[in-house]
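> make a model of this:
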Amino acid sequence: MTVLQRRDAYRIICLVAWLAATVWSSGTTAAAQGLTVLGALSLPGFALLGWTNPLTQPIASATRAAAGIGLSLLALVATGLAYGKLTPIQSLTTLAVVTIGCFTGAVLTKRPSGITSYETAMPWLAILGSATILAIPLTGAATFSADSPSYRPFFNADFFKHLALSQSLAIGELPPIDPFGARNGPLHYYWLQYVVPATAMQWFAVNDPAALLKAIGIIQTALFTALLFGLAERTCAHPLPALIATLIGIAGLSLDGVEALLERSGAWLEAATEVNQEALDFTTSLGAKTHIAATTLFRLCLYIPQHQLCAILFLACLLLANRPFSTATWLARAAMLTIMPLLSLLLGAPAVAALVIVAAVDRQHRRSWLFELTPIPVTIAILVLTGMVDVRHAQNLVTDTIVPISEPDLPIRLAWFIPQLFSNFGVIFFAACCAPFIRRPAAIPMSTLLIPLGCAVTGYILVESLLPFGRMRIDSELKLSLLMNLVSVPLAAHWLAGVQTAMIPRWQAWIGVTLLAMGIASPLHDVWWHSRYAGAADTSGTTVTIPSADMQAQRWIRANISVDAVLQQYPEPAFLTGGRDTWIPIFSGRRLAASMRGTNTERNELEIAQALYSTDAGGSAADKAIQLGADYLYLSPSLTPKEFAKIRAAWQSDPKLRCIYEVENVSVWQVLANNTQR
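Just a heads-up that it's a prediction; the model follows:
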């Protein structure tokens, strides 16, 4: 067997194993639906930049797929805004027109050449490794047992949100209505990534939206891993250091796991079961009173697909950087630059700023950095027209401080800043800091990676200096930590190549080995922490178990109530704030008039919704429902156990309410516009 034949065999084995991990985690049907939709969205990129074989050239193919997704999403949003809706026929027609247009334009302007072909099987090993890490906790996520689904932490926070917003987008209205607060209209959130699963829901009869979301997440992770590996290999010009750096970066070898062990006196199983290590920082053991917020690429891939897709486009832009200017590459980059802030404003904005600066300092090729600025007005226009950015909502986020804490003054916090970077990012950040001093050739200029790293560090300092301790500061720092991780991986690969060729001082090697050994505890901790709830069936704060009668009612609502109807349930707090969360948008895919998750819900609307489920408020429940704009009311003893009997009796005597469904005391009531006899 020749070398090429062996490589092909390795690729096929890795591909089959990756498909098996995808099917194992999400199911055959969901995996097929996810591959079909993402493949269709990727076609314009292949038409524009030329066909490559995904099996033998996964990185070049992933670059084209990212460009295609950017072009497709931009075209779908434009179509939806023009018509006020996006139907399956419109989406299929739009994708066909964009693909044909890209192919025609590429032929007329001559496609760019020089996009690297990768002949090793290493990218597939990286893809398989990341899928294996994710498949362990994903397998038990959103699983159903005896009609009662159990979700583990963060899945029932983020995953609940993903389910509700994807199903709301699938209705077809653009801009989308907030499913958690339909009374006041548009969703004030970066919802663009949800167009991907929503398109699948429109094209296919999706019976399990949760499985579809998991499948799309694993497929996106394959694209993400291929691009991250490709950037690392292009930086260090060797596949083995690129593979090691990619897997270390995705695993997330911070020192948080060590801090968790210290909190539990070395009891690893207890720490990994009870402690969310993202809330910790190793420097607190050294005397720090507060710490910066940071997350890992493992969590990025696991449950925040909107930020992950933004990261995919950012990596693709970096891979297309420093190449001779052409119309095709500019169009691909322009689409991705336009889309990135729409996918994740807090990650996309600094990423686009970094890419513009990278283009501005690039003097080796015939291109103008002013071309990088052209998408920005389009991005701002879409953000405003779609309601993703709302001034009042943004002000509320900035002023939404968490319980006041006595944090040190800014100079003291900044003094701890550098140690906390090493603590949160571990060996990857140390290697990234050392990489520019290694005298070995790199396929791309160091400035292409150091500029985004500098933008992330600068962003951290500005956020710490300007924002009060609260939600906006934490969210901003979490997204900046993702940007730091993305560019630290290829820099670390460059450093590891120096280790491989004995080009680094011995002291660097010792520090690197020490940080590596200390960081191993973190991914082991995080994988266990996210996986341990798969078989849980309690409501002790680790899971939310929905009673079977409620799940039966949710299925009835999905089957019998119109998708544009507005319902109201008791305004239960979100899981992470101690509640059972908002079931109807999540499980039945229908909208609520008002809830605590609503991005546009006013305080007085929540008070009216709460009064609906109280016998002390007085007045007609139907009148309150009409005031909220609710067409149906949902009543369950699981959500209102104390006053359930009184509430039901009051509703039964209200001539403007009619019970249209009831099983085991779980009921759905129609709000009548007049006193029609029941």
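
> switch to C-alpha atoms for all contacts and neighbour counts from now on
Will do.

> how about the strands in the chain?
Shown for the chain, the strands assigned by DSSP state E span residues 143-145, 148-151, 544-545, 566-568, 591-592, 632-635, 657-663, 666-671.

> gap between the last one and the chain center?
Right, the one you point to is strand 666-671. Centroid separation for strand 666-671 versus its chain: 35 Å, with CA atoms, centre = their mean, to the nearest Å.

> helices or strands up against that strand?
Applying 3 or more CA pairs under 8 Å, 6 or more residues apart in numbering; DSSP states H and E, one finds that strand 666-671 makes contact with helix 548-560, helix 621-628, strand 632-635, strand 657-663.

> can we see that at 7 Å?
strand 632-635, strand 657-663 (3 or more CA pairs under 7 Å, 6 or more residues apart in numbering; DSSP states H and E).

> the inter-axis angle of the longest one versus helix 548-560?
Angle, strand 657-663 to helix 548-560, by axes from the mean of the first three to the mean of the last three CA atoms, to 10 degrees: 120 degrees.

> which parts of strand 657-663 are buried?
Buried residues in strand 657-663, defined by neighbour count with 16 or more other CA atoms under 10 Å: Leu657, Arg658, Cys659.

> any idea how far Leu253 lies from Thr296?
Distance check for Leu253 against Thr296: by CA to CA, to the nearest Å, it reads 8 Å.

> of those two, who's got more company?
The neighbour comparison of Leu253 against Thr296 (other CA atoms under 10 Å) goes to Leu253, with 28 against 25.

> burial measure for the nearest residue to the more buried one once chain neighbours are set aside, as a count.
Closest residue in space to Leu253, ignoring its immediate chain neighbours: Gly519 at 4.2 Å, by CA to CA, 6 or more residues apart in numbering. Look at Gly519: counted by other CA under 10 Å, it has 26 neighbours.

> show me what contacts Gly519?
Leu253, Ser254, Leu255, Gly257, Gly426 (CA atoms under 7 Å, 6 or more residues apart in numbering).

> same thing but at 6 Å, please
Leu253, Ser254, Leu255 (CA atoms under 6 Å, 6 or more residues apart in numbering).

> pLDDT added to those, as CSV?
Below are the contacts of Gly519 laid out as CSV (pLDDT from 0 to 100):
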residue, pLDDT
Leu253, 92
Ser254, 92
Leu255, 92
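
> and these as CSV, adding distance to Gln306?
Converted to CSV, the contacts of Gly519 look like this (distance: CA to CA, whole Å):
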residue, distance to Gln306
Leu253, 23
Ser254, 23
Leu255, 26
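
> relative to Ser548, which of the helices and strands packed on strand 666-671 is closest?
strand 657-663 (10.2 Å; CA to CA).

> circling back to that earlier point, wait, which of the strands of the chain is closest to Phe160?
Ranking the strands of the chain by proximity to Phe160 (CA to CA) places strand 148-151 first, at 8.9 Å.

> let me see the mean pLDDT of that closest one.
Regarding strand 148-151, the rounded mean pLDDT is 58.

> one more: stretch 631-647?
88.

> residues in contact with stretch 22-35?
With CA under 6 Å, 6+ apart as the test, stretch 22-35 has contacts from Ala135, Leu138, Thr139, Ala211, Leu212, Lys214, Ala215, Ile216.

> tell me which of those has the lowest pLDDT.
Out of the contacts of stretch 22-35, that is Thr139, at 75.

> point out where the stretch 201-350 of the chain drops to low pLDDT.
324 (pLDDT under 70).

> ranges for the helices of it?
Using DSSP state H, counting those that start in this stretch, the helices of the stretch 201-350 of the chain run over 209-236, 239-251, 256-263, 268-274, 297-303, 305-320, 327-343, 345-361.

> now those as TSV including distance to Arg506 and mean neighbour count?
TSV is the format used below for the helices of the stretch 201-350 of the chain (distance: least, CA to CA, whole Å; neighbours: other CA atoms under 10 Å):
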stretch	distance to Arg506	mean neighbour count
helix 209-236	20	26
helix 239-251	18	24
helix 256-263	25	23
helix 268-274	32	17
helix 297-303	29	22
helix 305-320	32	25
helix 327-343	41	24
helix 345-361	32	21
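
> I'd like the ones you listed as JSON lines, with distance to Trp556 appended.
Formatted as JSON lines, the helices of the stretch 201-350 of the chain follow (distance: least, CA to CA, whole Å):
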{"stretch": "helix 209-236", "distance to Trp556": "16"}
{"stretch": "helix 239-251", "distance to Trp556": "41"}
{"stretch": "helix 256-263", "distance to Trp556": "44"}
{"stretch": "helix 268-274", "distance to Trp556": "36"}
{"stretch": "helix 297-303", "distance to Trp556": "28"}
{"stretch": "helix 305-320", "distance to Trp556": "29"}
{"stretch": "helix 327-343", "distance to Trp556": "33"}
{"stretch": "helix 345-361", "distance to Trp556": "37"}
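
> closest one to Leu187 among those?
Leu187 sits nearest to helix 327-343 of all these, at 13.1 Å, using CA to CA.

> just the angle between that closest one and helix 345-361, please?
150 degrees.

> quick one: Ile127 and Ala222 touch, right?
Yes - the pair Ile127 / Ala222 is scored as a contact, 5.3 Å apart, by CA atoms under 6 Å.

> so what's the residue count around the residue nearest to Ala200 when sequence neighbours are not counted?
Spatially, and ignoring its direct neighbours in sequence, Ala200 is nearest to Val37 (5.9 Å; CA to CA, 6+ apart). When neighbours are counted by other CA under 10 Å, Val37 registers 19.

> any idea how far Val37 is from Leu466?
Val37 sits 42 Å away from Leu466, going by CA to CA.

> which one of the helices of the stretch 201-350 of the chain lies nearest to Gly589?
Proximity to Gly589, assessed across the helices of the stretch 201-350 of the chain by CA to CA, is greatest for helix 209-236 (9.6 Å).

> distance from the closest one to the middle of the chain?
Taking mean C-alpha positions (CA atoms, centre = their mean), helix 209-236 and its chain are 12 Å apart.

> returning to what we had before: can you put the helices and strands packed on strand 666-671 in JSON lines and add distance to Ile557?
Putting these into JSON lines (distance: least, CA to CA, whole Å) gives the following:
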{"stretch": "strand 632-635", "distance to Ile557": "10"}
{"stretch": "strand 657-663", "distance to Ile557": "9"}
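
> relative to Gly45, which of those is closest?
strand 632-635 (44.7 Å).

> give me the contacts around that closest one.
By CA under 6 Å, 6+ apart, strand 632-635 touches Leu567, Gln568, Gln569, Val666, Ser667, Val668, Trp669, Gln670, Val671.

> could you identify the most distant pair in those residues?
Farthest-apart pair in the contacts of strand 632-635 is Val666 and Val671; separation 16.5 Å (CA to CA).

> who has more neighbours out of the two?
Val671 (23 against 17).

> next one: that one from Ala121, what distance?
Distance from Val671 to Ala121, by CA to CA: 61 Å.

> again, but for Ala9
Distance from Ala9 to Ala121, by CA to CA: 9 Å.

> more crowded one of the two?
Remark: of Ala9 and Ala121, Ala121 carries more neighbours, 22 against 14, as counted by other CA under 10 Å.

> what residues are up against that one?
Arg7, Arg11.

> oh, and call the first residue 190 from now on, that's how I've got it
Shifting the count to begin at 190 puts that one at Ala310.

> pLDDT score for it?
Taking Ala310 on its own, its pLDDT is 80.

> hang on, the earlier thing: Pro712 is nearest to which of the helices of the stretch 390-539 of the chain?
Closest among the helices of the stretch 390-539 of the chain, using CA to CA: helix 428-440, at 5.5 Å.
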